[in-house]
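>>> Requesting a structural model of the entry that follows:
(one chain, ligands or ions: 2)
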Amino acid sequence: MKIVFYTPQADDAPAWLASLARALPAADVRLWTPGDTAAADFAIVWRPPAELFAPREDLRAIFVLGAGVDALLSLERTRPGTLPPDVPLVRLEDTGMAAQMAEYAVYAALRYLRRFDEYDLAQRQHDERARWRVLEPHAPETFHVGVLGLGALGAQVAKSLASFGLPVRGYSRSEKTIDGVATFAGERELPAFLEGLKLVVNLLPSTPATDGILNRTTFSRLAHGAYLVNLARGAHLIERDLIDAIDTGRLAAATLDVFCEEPLPHDHPFWRMPRVTITPHIAALTLREPAVEQIARKIDALARGDAIGGIVDRRRGY
Ligand code: NAP
Ligand code: GLV
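Ligands and ions are numbered 1, 2, ... in the order given. Got it, this is the predicted structure:
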């Protein structure tokens with residue numbers, strides 16, 4: 001069995017190749033380099049160039065080293081015919097990312113609930129009275145939190161937030177039942193989901209149906225002075241609308257892990273906004289060993305002719 005591997009982080013490649021060789025001892029695993037058109041049964045990739053797939057009719061599956069497949073599908077949108085049409089595209093299912101997302105979202109929610117963000121700002125002021133001022137914490141029972149996306153990551157995030165006694169709502173495409181979470185499904189229920197939320201955590205995939213969902217209309221349905229936590233993709237957010245919403249006080253603050261352009265350009269206005277907290281796309285990192293273990297299990301299953309999970313519906317975009 002031949003496997004071709006690619007990551008844009010060249011320094012990480014040797015460790016990945018070694019882990020894959022250990023997990024799949026019978027396989028011949030190689031790093032893809034430009035010009036390599038040799039046969040391969042499987043591709044295991046993160047943000048590959050289009051050339052990797054041309055021409056590659058022998059592939060039996062393409063494994064993506066992440067939960068989101070938007071970058072790969074956008075290759076196909078911009079250059080139709082890039083991806084072999086009937087080859088399953090398989091994304092990672094959790095592999096340790098759900099726990100990381102839950103930590104991040106709980107941290108952000110508690111920081112805003114207890115107004116630690118405002119104490120951080122006050123500490124940097126020179127006015128002593130402003131620095132030593134007790135702020136009324138938000139009441140947990142009215143601190144309504146909404147999680148957009150209830151998949152492998154969003155469902156875990158919603159449950160973790162609910163375990164702190166916060167009233168939690170969740171939004172997905174199809175109907176769901178999650179203990180302790182009020183669930184809403186489909187575009188028709190989006191306004192009811194958003195109504196009066198104090199904090200929104202975004203964990204939707206980036207697709208033509210979800211891009212731009214964090215916009216001024218969405219913000220106008222939230223409680224005045226609500227908080228935004230975007231952990232999914234930069235394409236979900238209309239950046240200008242967030243800047244306006246924070247400038248006018250419609251939103252109190254935002255925590256952003258993902259951006260339209262990454263790294264976030266050094267002159268981007270977000271860097272100068274004290275109420276915007278920025279992290280460099282680290283909310284949930286791909287953990288090598290659990291990812292390799294899951295992919296190896298799926299390759300074995302495909303070799304036996306068994307069904308596997310995590311196959312992307314290319315039409316839906318996730
Ligand atoms: P997933 O398992 O595919 O779940 C996606 C969820 O979104 C599902 O609940 C789905 O509804 C819902 N959804 C999709 N389209 C929708 C629409 N049009 N309207 C309403 N709901 C919709 O994905 P995941 O593994 O949880 O990952 C989610 C995203 O997190 C990824 O796509 C990626 O962009 C992002 N991510 C970010 C980082 C980071 O470090 N910042 C790390 C990993 C992932 P159904 O359940 O009804 O299908
Ligand atoms: C990271 O952003 C992922 O999609 O896994």
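
>>> going forward, measure contacts and count neighbours with C-alpha atoms only.
Fine.

>>> which parts of the protein sit against ligand 2?
The chain comes close to ligand 2 at residues 66-68, as judged by Cα under 6 Å from any ligand atom.

>>> One more pass at 8 Å, please.
With Cα under 8 Å from any ligand atom as the criterion, the chain meets ligand 2 at residues 65-69, 92, 97, 232-233, 281-282, 284-286.

>>> now, which of those lie within helices?
Counted as lying in helices by DSSP state H, out of these, are residue 97.

>>> who wins for neighbours among the residues of the chain next to ligand 2?
Among the residues of the chain next to ligand 2, residue 232 has the most neighbours (other Cα atoms under 10 Å), with 27 neighbours.

>>> quick one, strands of the stretch 101-250 of the chain?
Remark: strands assigned in the stretch 101-250 of the chain by DSSP state E, counting those that start in this stretch are 145-148, 168-172, 181-185, 199-202, 226-230.

>>> ok, and the closest non-adjacent residue to the residue nearest the centre of the chain?
In the chain, the centroid-proximal residue (Cα atoms, centre = their mean) is residue 232; its distance is 3.0 Å. Leaving aside its sequence neighbours, residue 232 sits nearest to residue 203 (Cα to Cα, 6 or more residues apart in numbering; 4.9 Å).

>>> The one you found contacts residue 154, doesn't it?
Yes - Residue 203 is in contact with residue 154 according to Cα atoms under 8 Å; the separation is 5.6 Å.

>>> Mutual contacts of those two, please.
Counting by Cα atoms under 8 Å, 6 or more residues apart in numbering, the contacts common to residue 203 and residue 154 are 147-148.

>>> Local confidence estimate at residue 125?
Residue 125 carries a pLDDT value of 87.

>>> Residue 173 now?
Confidence at residue 173, expressed as pLDDT, is 98.

>>> which regions of the protein lie under the pLDDT threshold?
Residues of the chain meeting the criterion pLDDT under 70: none.

>>> if I pick residue 215, what's in contact with it?
237-238, 241-242.

>>> try it again with 6 Å
238, 241 (Cα atoms under 6 Å, 6 or more residues apart in numbering).

>>> Check residue 256 too.
Contacts of residue 256 by Cα under 6 Å, 6+ apart are 229-230, 278.

>>> switch the cut-off to 8 Å
Residue 256 neighbours (Cα under 8 Å, 6+ apart): 228-231, 276-279.

>>> so how far is residue 6 from residue 23?
Remark: distance between residue 23 and residue 6 (Cα to Cα, to the nearest Å) = 17 Å.

>>> Compare the two (neighbour count), which wins?
residue 6 (23 against 17).

>>> surely that one meets residue 44?
Yes - the criterion here is Cα under 8 Å, and residue 6 meets it with residue 44 at 6.5 Å.

>>> Would you mind naming what in the stretch 201-318 of the chain lies close to ligand 1?
Residues of the stretch 201-318 of the chain found near ligand 1 (Cα under 8 Å from any ligand atom) are 203-207, 209-210, 230-233, 257-258, 281-286, 316, 318.

>>> Which residue ranges make up each domain of the protein?
Following automatic domain parsing, the chain resolves into domains at 2-95+286-304, 97-278.

>>> Apart from its neighbours in sequence, what residue is nearest residue 278?
Nearest residue to residue 278 in three dimensions, chain neighbours excluded: residue 256, at 5.1 Å (Cα to Cα, 6+ apart).

>>> Beta-bridge partners for that neighbour, please?
residue 230, residue 278 (DSSP bridges).

>>> pretty sure residue 100 contacts residue 282?
No - here residue 100 does not reach residue 282: they are 9.1 Å apart, not a contact under Cα under 8 Å.

>>> Overlap of the contact sets of those two?
By Cα under 8 Å, 6+ apart, no residue touches both residue 100 and residue 282.

>>> so how many other residues sit close to residue 305?
Residue 305 has 9 nearby residues by other Cα under 10 Å.

>>> With the one 5 residues further on instead?
By the criterion of other Cα under 10 Å, residue 310 has 17 neighbours.

>>> what sits against it?
With contact taken as Cα under 8 Å, 6+ apart, residue 310 is in contact with 90-93.

>>> do that again at 6 Å, thanks
Listed by Cα under 6 Å, 6+ apart, the contact partners of residue 310 are 90-91.

>>> For residue 88, see how far away it is.
Separation of residue 310 from residue 88 (Cα to Cα) stands at 10 Å.

>>> now do residue 226
For residue 226 relative to residue 88 (Cα to Cα), the value is 40 Å.
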